[in-house]
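Peer 1: Using only what follows, build the 3D model:
(2 chains)
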2 protein chains.
Amino acid sequence: MTKTFAFVLYPGLTALDLIGPLQVLGALQDFGLGVEAVTVAADLEPLGTDTSVRLAASHTFAQVPRPDGLIVPGGAAPTFAALADETLLGYVRTAAETAEVVGSVCTGALVLGAAGLLDGRRATTHWTALPMLERLGATPVSERWVRDGRVITAAGVSAGIDMALALAAELAGQDAARLVQLGIEYDPRPPLGPIDWPGVDRAPFEAWMAGEAGKALADRPDLLDRLLPQAG
Amino acid sequence: MTKTFAFVLYPGLTALDLIGPLQVLGALQDFGLGVEAVTVAADLEPLGTDTSVRLAASHTFAQVPRPDGLIVPGGAAPTFAALADETLLGYVRTAAETAEVVGSVCTGALVLGAAGLLDGRRATTHWTALPMLERLGATPVSERWVRDGRVITAAGVSAGIDMALALAAELAGQDAARLVQLGIEYDPRPPLGPIDWPGVDRAPFEAWMAGEAGKALADRPDLLDRLLPQAG
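Peer 2: Numbering: from 1, shown residues only, chains lettered A, B, ... in the order given. Predicted coordinates:
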């Protein structure tokens, strides 16, 4: 039986957070391998992203109330604004009640956390937002992606591709996932090599991300208090 | 001075071909590093992709006639259909006249080739379309991305991310490119490992891609003849 995966759209999201895993699960759909990858939003009008392209969903939230899988992409300030969007959180909570897989990419994990879906679970997010994930009740881990029960979360932006290929292998088998990998020619060669994590000074970047939260949630001190350690 | 990069949209393109490099050059824009990454199309209405999401451009072709850089994404049958789209090809030809960088991802290279921009140049494309690239007058190479003069072409789909990071390093320096890489957390870990190229039987996949061309260009034997070896 075909499993429907709903990718959640909201204004200002980071485009690659969405498109990476959507391309992977969409390929399973193209190959007839038991997955339907739809995009859902409050309505079908084009929404802005963090790039110049606008995105329009294939379905409304109301049209896909009970997906088999749910994937929430992240972003910067607009994702924090989404934490105050009760329509979005309501959809995520309801859809997650019966979903077999509840997933996120990047700071999409904070949306899952704000919806109460990460309590006590191992999870990851964009490296700059790991402290916030802990504040939301999750056990943050620095991994490319992590699965804890039915919850699967990916690290920042491009990590959604790796998570989705792992999910494709679960859903349709390793041969199918390898076929998708071949289709999207995913044989990455970062031209400047891997990230030099020990050389990264995290504090200023974490402060930047906290500033994005402060900007988006200036009128919601209750939410900011859930995300950030209290000042002084 | 800010350099404008125009990413070309057309119906049915492969979403990740576009979004990978757009996210990278868009990050340079966010950091104020001398790049504006716009999306251009015949009009601003949402266009279908090879996934369930629709995309809408930020500008019309007419609004960005002379970009400093041009990037053409690829796809399957819809990209072959684009080879018969004179509005699109006309834009690509005109924009390329003065652009400092003319780029493609995946089968977007075939659009560049059909526009006469690859004659005698080393170029790459999705691995299944390399024979067609040769038919269009290019010297096909199996590399992740290749630069020949002002023309830069990437291999299939996900390779656009690597190409764009290399371009970011050229445009804004290696430190800036590393910052973008950190921002999109591009430290890939394909869960099933790298592609096993020697184990790939290319013939059936090349035949599939040729079939996509035949499907899209059934009424354009002249174009098919440019792409495919004659039967019999």
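Peer 1: residue ranges of the helices in chain A, please?
Peer 2: In chain A, the segments counted as helices under DSSP state H are A:15-30, A:77-82, A:86-98, A:108-114, A:130-135, A:159-172, A:174-183, A:202-216, A:221-227.
Peer 1: Dump these into JSON lines; add mean pLDDT, mean neighbour count and distance to residue B:138 as well.
Peer 2: From N, CA and C alone the C-beta is placed, and that goes for glycine too. Output for the helices of chain A, formatted as JSON lines (pLDDT from 0 to 100; neighbours: other Cβ atoms under 10 Å in any protein chain shown; distance: least, Cβ to Cβ, whole Å):
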{"stretch": "helix A:15-30", "mean pLDDT": "97", "mean neighbour count": "28", "distance to residue B:138": "26"}
{"stretch": "helix A:77-82", "mean pLDDT": "98", "mean neighbour count": "24", "distance to residue B:138": "41"}
{"stretch": "helix A:86-98", "mean pLDDT": "97", "mean neighbour count": "17", "distance to residue B:138": "46"}
{"stretch": "helix A:108-114", "mean pLDDT": "98", "mean neighbour count": "28", "distance to residue B:138": "40"}
{"stretch": "helix A:130-135", "mean pLDDT": "95", "mean neighbour count": "19", "distance to residue B:138": "45"}
{"stretch": "helix A:159-172", "mean pLDDT": "98", "mean neighbour count": "25", "distance to residue B:138": "28"}
{"stretch": "helix A:174-183", "mean pLDDT": "97", "mean neighbour count": "19", "distance to residue B:138": "22"}
{"stretch": "helix A:202-216", "mean pLDDT": "95", "mean neighbour count": "15", "distance to residue B:138": "41"}
{"stretch": "helix A:221-227", "mean pLDDT": "94", "mean neighbour count": "15", "distance to residue B:138": "51"}
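Peer 1: wait, which of these is closest to residue B:4?
Peer 2: helix A:15-30 (18.6 Å; Cβ to Cβ).
Peer 1: gap between the closest one and the chain center?
Peer 2: Centroid separation for helix A:15-30 versus its chain: 12 Å, with Cα atoms, centre = their mean, to the nearest Å.
Peer 1: Of the helices of chain A, which is nearest residue A:47?
Peer 2: helix A:77-82 (9.6 Å).
Peer 1: could you dump that closest one to PDB, C-alpha only?
Peer 2: Output of helix A:77-82 as PDB, limited to C-alpha atoms (Å, rounded to 0.1, in the frame of the first residue of the first chain):
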ATOM      1  CA  ALA A  77      13.800  33.700  11.700                       C
ATOM      2  CA  PRO A  78      10.800  32.500   9.800                       C
ATOM      3  CA  THR A  79      11.000  29.100  11.500                       C
ATOM      4  CA  PHE A  80      10.900  30.700  14.900                       C
ATOM      5  CA  ALA A  81       7.900  32.700  13.700                       C
ATOM      6  CA  ALA A  82       6.400  29.400  12.700                       C
END
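Peer 1: Which strands or helices does it pack on?
Peer 2: helix A:108-114, helix A:202-216 (3 or more Cβ pairs under 8 Å, 6 or more residues apart in numbering or on different chains; DSSP states H and E).
Peer 1: If we use 6 Å, what do you get?
Peer 2: helix A:202-216 (3 or more Cβ pairs under 6 Å, 6 or more residues apart in numbering or on different chains; DSSP states H and E).
Peer 1: For stretch A:145-158, which outside residues touch it?
Peer 2: A:14, A:16-17, A:100-106, A:109, A:121-124, A:126, A:144, A:159-160, A:162-163, B:184-186 (Cβ atoms under 6 Å, 6 or more residues apart in numbering or on different chains).
Peer 1: Those residues, buried ones only, as a ChimeraX selection?
Peer 2: The buried residues among those can be selected in ChimeraX (16 or more other Cβ atoms under 10 Å in any protein chain shown) with this line:
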select /A:14,16,17,101,102,103,104,105,106,109,121,122,123,124,126,144,159,160,162,163 /B:184,185,186
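Peer 1: if we can go back for a sec, including distance to residue B:45, could the helices of chain A go into JSON lines?
Peer 2: JSON lines is the format used below for the helices of chain A (distance: least, Cβ to Cβ, whole Å):
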{"stretch": "helix A:15-30", "distance to residue B:45": "18"}
{"stretch": "helix A:77-82", "distance to residue B:45": "23"}
{"stretch": "helix A:86-98", "distance to residue B:45": "25"}
{"stretch": "helix A:108-114", "distance to residue B:45": "28"}
{"stretch": "helix A:130-135", "distance to residue B:45": "38"}
{"stretch": "helix A:159-172", "distance to residue B:45": "27"}
{"stretch": "helix A:174-183", "distance to residue B:45": "28"}
{"stretch": "helix A:202-216", "distance to residue B:45": "30"}
{"stretch": "helix A:221-227", "distance to residue B:45": "36"}
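Peer 1: Of all those, which one comes closest to residue B:25?
Peer 2: Taking Cβ to Cβ, helix A:15-30 is the member of those nearest to residue B:25, at 11.9 Å.
Peer 1: So which bits of chain A are right by chain B?
Peer 2: A:15-16, A:19, A:22-23, A:26, A:37-39, A:46, A:51-56, A:58, A:144, A:155-159, A:162, A:165-166, A:177-178, A:184-192, A:194-195 (Cβ under 6 Å from any Cβ of the partner chain).
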